[in-house]
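# dropping the sequence and predicted coords here.
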Amino acid sequence: MQRLSPDSLRATVQRLSGFNTRFVGTDSSRAAGAWLRERLIQAGYAEARFDTFTVTLDRTILGRRYVLDRVPARNISVIKRGVRYPDRYLVLGSHYDSVNLTGSNTVSAPDTTFAPGANDNATGVAVVLEMARLLRAMDTDVSVVFILFDAEELGLWGSRAYAERARARGEDVRGMFSIDALGTRATDFPKAFSIDVTSRSLDLGGEVAQAALNYTSLVPRNTSGMGYLETISNRGREGCDCSDHQSFTDQGYPGVGVFQYFGADASFHTARDTVGAVDFALVNEIGRAAFAAATRIAGFPGRSPDFDGNGVVELSDFFLFATYFGTFRGEARFEARFDMDRDGAVGIEDFFQFAELFGRHY
């Protein structure tokens, strides 16, 4: 967590704000997407890709009407494969589009109104890029998906496209973090930030809350002041409908929203959402809490059952495992990589986990 770089966070927010707007379908949005994909490639993810979809809507948001017809959009995603359970996924996501709701009354084409979107949501994108950079060289038990969503501001279009496809493919998504708008500090609770959860994601949200208490000076706080986790029902559906974790909740996956404190006075969706208004110390600390929780949930350090590293879990790995069976932490012969359940001993539970993965190819 100490390697999470405030300087890198600031540089990313400054660069994304420099595109003037990242409204879906604009030339500057496409340029921003290309720059973000290149950042992921530079971090070591040569397979970084665009996932395309289209946006068609007629919707009024805070008095401003948007009429879009098959506007092309694209998410940017990479997968870091887990060493034990590569078919289980933790999704770390953030939307990169921006919007200014203070312009003309009706928009019937991609909107070029100035919308720097520094806090909402270049801050979240910066944290996801930092997590991707730091986790690149680390092994985790499960696979981690890093994804930057398009068209969130008009109704969670990018995350909905991804979550629906994941469900259709039968993917085993164990959790999703939406990192969204981190940079405005509340005057009444300057050390507060918010975690939005639903009933199926209480444990996931609790990991973020505990990580904040363990590793930062922040206190997770809901708007009532009576607890840590915010659970909101919206129009009869479970969830806040306020960020991209909602799309995963709708598909039956556990999802958590990580935000600045809900009560903070921020300049969302205006031309005033600029770099100068962002509190980067707050962004860094919320990012650390999310990163610590994510690494714990993903299973760091990853313990691969392919002990000899030849790409297959087979008898040679079993013979290695058997050599260390019955050892305990503190003994000279103990090696942590054989303690797959991390309980301090190489025992029968570790054998059961090894047996579950016997025959797997990596």
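The structure has been received and is ready for your questions. Numbering: from 1, shown residues only.
# can I get the strand or helix carrying Val145 in PDB? Just the C-alpha atoms.
Taking DSSP states H and E as the criterion, Val145 maps to strand 142-149. Below are the C-alpha coordinates for strand 142-149, written out as PDB (Å, rounded to 0.1, in the frame of the first residue of the first chain):
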ATOM      1  CA  VAL A 142      -8.300 -15.700  -8.000                       C
ATOM      2  CA  SER A 143      -8.200 -13.800 -11.200                       C
ATOM      3  CA  VAL A 144      -8.500 -10.000 -11.000                       C
ATOM      4  CA  VAL A 145     -10.300  -8.000 -13.700                       C
ATOM      5  CA  PHE A 146      -9.400  -4.400 -14.100                       C
ATOM      6  CA  ILE A 147     -12.000  -2.600 -16.100                       C
ATOM      7  CA  LEU A 148     -12.700   1.000 -17.100                       C
ATOM      8  CA  PHE A 149     -16.300   1.600 -18.000                       C
END
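# can you list the strands that it pairs with?
Using DSSP bridges, the neighbouring strands of strand 142-149 in the sheet come out as strand 64-80 (antiparallel), strand 85-95 (parallel).
# of those, which stretch is the most buried?
Comparing those by mean neighbour count (mean count of other Cβ atoms under 10 Å), strand 85-95 comes out on top with a mean of 23. Heads up, the C-betas are built off the backbone N, CA and C, glycines and all.
# mean confidence for that one?
Averaged over strand 85-95, pLDDT sits at 96.
# after it comes which helix or strand?
Stepping forward along the backbone from strand 85-95, the first helix or strand reached (DSSP H and E) is strand 106-107.
# what's the helix or strand that that next one is followed by packed up against?
Taking DSSP H and E as the definition, the helix or strand that follows strand 106-107 towards the C-terminus is helix 123-135. In terms of contacts (3 or more Cβ pairs under 8 Å, 6 or more residues apart in numbering; DSSP states H and E), helix 123-135 is packed against helix 6-17, helix 27-42, strand 64-80, strand 85-95, strand 142-149, strand 172-179, helix 280-298.
# secondary structure class for Gly326?
Look at Gly326: counting by DSSP: H, G, I helix; E, B strand; the rest coil, its state is coil.
# wait, what's in contact with the closest residue to it other than its chain neighbours?
By the measure of Cβ to Cβ, 6 or more residues apart in numbering, the closest residue to Gly326 outside its immediate chain neighbours is Val346, 6.5 Å from it. Residues counted as contacts of Val346 (Cβ atoms under 8 Å, 6 or more residues apart in numbering) are 321, 324-328, 334-335, 338-339.
# repeat the analysis, applying 6 Å as the threshold.
324-325, 327, 338-339 (Cβ atoms under 6 Å, 6 or more residues apart in numbering).
# figure out which of the strands paired with strand 142-149 is closest to Glu130.
Ranking the strands paired with strand 142-149 by proximity to Glu130 (Cβ to Cβ) places strand 85-95 first, at 10.5 Å.
# pLDDT score assigned to Ser108?
Ser108 carries a pLDDT score of 89 in this model.
# and for it, the neighbour number?
Burial of Ser108 is recorded as 11 neighbouring residues (other Cβ atoms under 10 Å).
# returning to that earlier point: contacts for the strand holding Val145?
Strand 142-149 has contacts (Cβ under 6 Å, 6+ apart) with 36, 75-82, 85-86, 88-93, 95-96, 125, 128, 132, 158-159, 244, 298-299.
# same for the very next helix or strand once past that strand, what does it pack against?
Using DSSP H and E, the helix or strand that follows strand 142-149 in sequence is helix 157-168. Packing contacts for helix 157-168, counted by 3 or more Cβ pairs under 6 Å, 6 or more residues apart in numbering; DSSP states H and E, involve helix 245-250.
# repeat that for 7 Å
Contacting helix 157-168 under the criterion 3 or more Cβ pairs under 7 Å, 6 or more residues apart in numbering; DSSP states H and E are the following elements: strand 49-61, strand 64-80, strand 142-149, helix 245-250.
# okay if I get the ones you listed as CSV plus mean pLDDT and distance to Gly18?
Supplementary listing: the helices and strands packed on helix 157-168 in CSV, determined by pLDDT from 0 to 100; distance: least, Cβ to Cβ, whole Å:
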stretch, mean pLDDT, distance to Gly18
strand 49-61, 95, 21
strand 64-80, 96, 18
strand 142-149, 98, 17
helix 245-250, 95, 28
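# export the ones you listed as JSON lines, with columns for distance to Arg174.
Formatted as JSON lines, the entries for those read as follows, by distance: least, Cβ to Cβ, whole Å:
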{"stretch": "strand 49-61", "distance to Arg174": "20"}
{"stretch": "strand 64-80", "distance to Arg174": "14"}
{"stretch": "strand 142-149", "distance to Arg174": "6"}
{"stretch": "helix 245-250", "distance to Arg174": "11"}
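# these two touch, right, Leu92 and Glu130?
No: the pair Leu92 and Glu130 fails to qualify as a contact (Cβ atoms under 7 Å) at a distance of 10.5 Å.
# what sits against Ala48?
Shown in contact with Ala48 (Cβ atoms under 7 Å, 6 or more residues apart in numbering): 37, 40-41, 76, 78.
# leaving out sequence neighbours, find the closest residue to it.
Taking Cβ to Cβ, 6+ apart, and ignoring the residues beside it in sequence, Ala48 has Leu40 as its nearest neighbour in space, at 3.9 Å.
# ditto for Phe334
In space, and not counting its chain neighbours, Phe334 is closest to Thr327: 4.4 Å by Cβ to Cβ, 6+ apart.
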